[in-house]
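A.B. asks: Pasting the sequence and the predicted model now:
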Amino acid sequence: MEKISQSVREPLHRVDSRLKVTGAAKYSAEYPLPGLVYAVLVTSTIAKGSIKSIDSKAAGNAPGVLAVISHVNAIRPPGYPADNEHPTEPSTRGQPLRVFYNNKVYFNGQPIAVVVADTFERATYAASLLKISYSKEEHRTDFHAHRDKAVLPESAKRNPRSGLADYDRGEVDGYKKAAVKLEAEYEHPAEMHNPMELQAITVHWEAHNKLTLYDKVQGTQPTQQNFAREWKLPVENVKVIAPFVGGAFGNGLHNWPHETAAIIASKMVNRPVKLMLTREQMFFMVGYRPRTWQKIGIGASADGKIVGISHSSIGQTSSYEQFTESTLQQSKMMYTAPNVSTRYRILPLDLSTPIWMRGPGEATGAFALESAMDELAYLLKMDPLTFRLANYTDSDPEKKLPWSTKFLKECFEMGSKAIGWEKRKLEPGMLSDGHWQIGYGMGVGTFGANRGGAKVRGKLYANGSLVLQSAVTDIGPGTGTAMTQVAVDHIGISAKSITFQLGNSEFPQAGNQGGSSTVNSVGSAVIAACMALKTDLLALADKHIPEFKGKSLEQVVFEKDSIRLKDKDVSMSLSELMKKSGTADLDVIEEAKPGEERKAYSMYSYSVHFAEVHVHSITGRVKVKKVVTCADAGVILNKKTAGNQMIGGVTGGIGMALQEDAVMDHRFGRYITKDLADYHVPVHADVPDIEVFFADKPDYIVDPMGTKGIGEIAIIGVAPAITNAIFNATGKRIRELPVTPDKLN
Ligand code: MOS
């Protein structure tokens, strides 16, 4: 198997950085098509009921208005699911909220009309003129008032082997027999997606049967397939373009009502339409991390061996879609517990559908599990790191398979050393600096090392430049950069001569950028494309350079934009070879798929985060002073972009632990935090020095690069590291996020 060379793993600057900082990068609201008009959504102000009437006269007569569209007059996408179709999970497969379908209101903030005008300002003004009357029904938005109505998801019922189904290993509630045990409840509120770039779409119909979408999504082809289905069009008639995405991490993994609304509007006014959500609308209709309540029972023998873990979880969903996520996975496989039970339930409420948010499910579950681990360690009078090491697993206790690789112990070592773990006292409240109480905490994270099939096109031109293409998107991790580096390593062409084009559904097959799987999936296809090009190049050399006659790929080296004999100093630049052979270009499309060898292993990335916090003993203010984060994510292709991802994940974890909180006013069933002034996310002043380490060990079971995936483990386990550190500082155990100062007083 080919191994990645050390040379390409040095930090390459982002290949698209200049485009991004100069504003040349185009986002989905930045395509000024000829004849473009503007759409503005009108949203419901009740949480449940129906629309009695819409008076659109004033809006329709307002200057520049082309259409006022609602259930009263909207055309229907022919592929809308039937009324009796059961709620589905919100993958990109369809959109159960059928926008403008009838007069029903399912959540506060639901799009119920769209106004199209010749300018954005005129559309906004006209939208304000709509008069809507409702017939209200009693809504359910209060999680705790309705917690008893939680249900097993349909997907778990249909497939008892699904990771969401009830799971029992050993004895149910075996923890109860343990010498030392803990039962505790944990909860976090809904957390809202707030990427820099607002959700936006520009729609262009041609001849009423060809649809082009410039759309903020995490997958061009999944979106293409979804809207082809919704509009009953051949897939090739739908084109989705998203070369730049200004942040996502989950909310681009599903298609949302505003997209269909814009497509309907464009078709009805027969003009290209642009629709961009307001920041406020981002809080209502493009998904969020669901409020989740968890209960853990955990017990260990007096010498610190875990006897059992029982972990149950209820996450909120909407009334029209069953959102699920993998909240309980880490409890099944992280520790050597002989008795493990998990129960996953969802609670339908009159709210919009949640969606995956970075480390989806796992970050939620790890908050409970890693908090409980810390609590139990304290009851055992054991150091929490020693306790985790005492229950470290060298194989997967759930699947009963060996790990493909696991270097978490190495991460423990690096991280504990860098944070100065030896300074930590077993008893809380022992360290202080004036009014500041000092504490240390840790949290562990894991996420499946996923990989899917992908295709990459490689086109080598006679001037020696290489263009690679994939339909994949880049929501920020630097996919083009990493893929360029993979190509450098596998075909020896310099980075400046390589262009990686992405974000277009017409490019070769790729799934969503999600689940920490892009490098594993698309990178493997880049290698396959490079291999095919090398084979073609060698055939040219065989014909046109006498010394290369009869040579195999093993006998040649591709480096410095040239092909060279391994054992002799004979080489020729690729452009010279192309010219000499009269080849205008070489063009390949290659596919790479995960192989059978994966089935014999359990594959995960791992992380451990160590936090030092200072808590003010009078005000309860928490300052995160330092975070050390260590990841076993396989080979690290680019220390800079990978390090950036870890820093971003830790930052998100700080928000989860201390700040993020979507507050609901249940009288209206409406979130009252609806901008970045009242919905707090970490800013620079909240983010300390974050030190990143990587185990940087290859895992060739996962893919030929030896990578495992970084995006999710960067956040999973961060929140409990911080809350555990708060306990160590203060002796206060806060089990409900976010830990705001009032909870520490
Ligand atoms: Mo991620 S939650 O797979 O964007």
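C.D. replies: Perfect, thanks for sending it.
A.B. asks: can you give me the helices for the stretch 251-400 of the chain?
C.D. replies: Along the stretch 251-400 of the chain, counting by DSSP state H, counting those that start in this stretch, helices occupy 257-269, 279-285, 329-333, 362-380, 384-390.
A.B. asks: Can you say which of those helices is packed in most?
C.D. replies: helix 362-380 (a mean of 26; mean count of other CB atoms under 10 Å). Placement of C-beta: from N, CA and C, glycine included.
A.B. asks: Can you dump the C-alpha atoms of that one in CSV for me?
C.D. replies: As requested, C-alpha coordinates have been extracted for helix 362-380 and formatted as CSV (Å, rounded to 0.1, in the frame of the first residue of the first chain):
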residue,chain,number,x,y,z
GLU,A,362,-21.8,12.3,20.1
ALA,A,363,-21.0,15.8,21.6
THR,A,364,-24.4,15.7,23.4
GLY,A,365,-23.8,12.2,24.7
ALA,A,366,-20.2,12.9,25.7
PHE,A,367,-21.4,15.7,27.8
ALA,A,368,-23.3,13.3,30.0
LEU,A,369,-20.9,10.3,29.8
GLU,A,370,-17.7,12.3,30.4
SER,A,371,-19.4,14.3,33.2
ALA,A,372,-20.5,11.1,34.9
MET,A,373,-17.0,9.6,34.5
ASP,A,374,-15.7,12.6,36.3
GLU,A,375,-18.3,12.4,39.0
LEU,A,376,-17.7,8.7,39.6
ALA,A,377,-13.9,9.2,39.7
TYR,A,378,-14.5,11.8,42.4
LEU,A,379,-16.7,9.3,44.4
LEU,A,380,-13.9,6.7,44.0
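A.B. asks: pLDDT (mean, whole number) over it?
C.D. replies: Averaging the model's pLDDT scores along helix 362-380 yields 98.
A.B. asks: who does that helix touch, helix- and strand-wise?
C.D. replies: With contacts defined as 3 or more CB pairs under 8 Å, 6 or more residues apart in numbering; DSSP states H and E, the packing partners of helix 362-380 are strand 180-188, strand 292-300, strand 306-318, helix 329-333, helix 384-390, strand 436-448, helix 639-658, helix 718-730.
A.B. asks: Throw the ones you listed into CSV and include distance to the ligand and mean pLDDT, thanks.
C.D. replies: Shown next, in CSV, are the helices and strands packed on helix 362-380 (distance: least, CB to the nearest ligand atom, whole Å; pLDDT from 0 to 100):
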stretch, distance to the ligand, mean pLDDT
strand 180-188, 16, 98
strand 292-300, 15, 98
strand 306-318, 14, 98
helix 329-333, 14, 98
helix 384-390, 25, 98
strand 436-448, 9, 98
helix 639-658, 11, 96
helix 718-730, 15, 98
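A.B. asks: just the ones you listed: most buried one?
C.D. replies: For the helices and strands packed on helix 362-380, the highest mean count by mean count of other CB under 10 Å goes to helix 718-730, at a mean of 29.
A.B. asks: separation between whichever residue of the stretch 401-550 of the chain sits closest to the ligand and residue 435?
C.D. replies: The nearest approach of the stretch 401-550 of the chain to the ligand comes at residue 514, 3.1 Å away (CB to the nearest ligand atom). According to CB to CB, to the nearest Å, residue 514 and residue 435 sit 44 Å apart.
A.B. asks: now residue 136
C.D. replies: Taking CB to CB, one finds residue 136 at 50 Å from residue 435.
A.B. asks: for residue 524, same thing?
C.D. replies: 54 Å.
A.B. asks: Same check on residue 47?
C.D. replies: 44 Å.
A.B. asks: got it, and residue 33?
C.D. replies: Per CB to CB, residue 33 is found 59 Å from residue 435.
A.B. asks: more neighbours, residue 514 and residue 435?
C.D. replies: A direct count of neighbours by other CB atoms under 10 Å for residue 514 and residue 435 places residue 514 higher, at 24 against 12.
A.B. asks: Angles on the backbone of that one, please.
C.D. replies: For residue 514, the backbone dihedrals (degrees, to the nearest 10) come out as phi -170, psi 160.
A.B. asks: Please name the residues that touch it.
C.D. replies: Residue 514 sits next to 218-219, 250, 253, 356 when contact means CB atoms under 8 Å, 6 or more residues apart in numbering.
A.B. asks: Return the member of the residues you listed nearest to residue 481.
C.D. replies: residue 218 (17.7 Å; CB to CB).
A.B. asks: Wait, that closest one touches residue 473, no?
C.D. replies: Yes - assessed by CB atoms under 8 Å, residue 218 is found in contact with residue 473 at 5.6 Å.
A.B. asks: got any residues that touch both of those two?
C.D. replies: Joint contacts of residue 218 and residue 473 (CB under 8 Å, 6+ apart) are 245, 252, 512-513.
A.B. asks: now, which of the residues you listed sits nearest residue 131?
C.D. replies: Looking across the shared contacts of residue 218 and residue 473 and measuring by CB to CB, the closest to residue 131 is residue 252, at 34.2 Å.
A.B. asks: and that closest one, how many neighbours does it have?
C.D. replies: What residue 252 shows, counting by other CB under 10 Å, is a neighbour count of 31.
A.B. asks: Make 37 the first number, not 1, from now on.
C.D. replies: From this message on, residue numbering opens at 37, which makes the last subject residue 288.
A.B. asks: quick one, phi/psi of it?
C.D. replies: Dihedral angles for residue 288 - degrees, to the nearest 10 - are phi -100, psi 10.
A.B. asks: tell me the contacts of it?
C.D. replies: So residue 288 contacts 252-255, 281, 509, 511, 548-549 (CB under 8 Å, 6+ apart).
A.B. asks: Taking the chain centroid, which residue in this protein is the extreme one?
C.D. replies: Residue farthest from the centre of the chain, counting by CA atoms, centre = their mean, is residue 582 at 51.7 Å.
A.B. asks: Now do the contacts for residue 277.
C.D. replies: With CB under 8 Å, 6+ apart, residue 277 has these contacts: 64, 248-251, 256, 539-541.
A.B. asks: most surrounded residue in these?
C.D. replies: Highest count within these by other CB under 10 Å belongs to residue 256, 30 neighbours.
A.B. asks: surely that residue meets residue 505?
C.D. replies: No - the criterion here is CB under 8 Å, and residue 256 misses it with residue 505 at 11.6 Å.
A.B. asks: which residues are in contact with both of those two?
C.D. replies: In contact with both residue 256 and residue 505: 540, 543, using CB under 8 Å, 6+ apart.
A.B. asks: From residue 714, how far off is the residue positioned nearest the centre of the chain?
C.D. replies: In the chain, the residue lying closest to the centroid (CA atoms, centre = their mean) is residue 285, at 3.5 Å. Per CB to CB, residue 285 is found 21 Å from residue 714.
A.B. asks: Equivalent analysis for residue 742, please.
C.D. replies: From residue 742 over to residue 714 the distance is 45 Å, taken as CB to CB.
A.B. asks: again with residue 739
C.D. replies: 43 Å.
A.B. asks: Can you say which of the helices of the stretch 287-436 of the chain is nearest to residue 165?
C.D. replies: helix 293-305 (17.2 Å).
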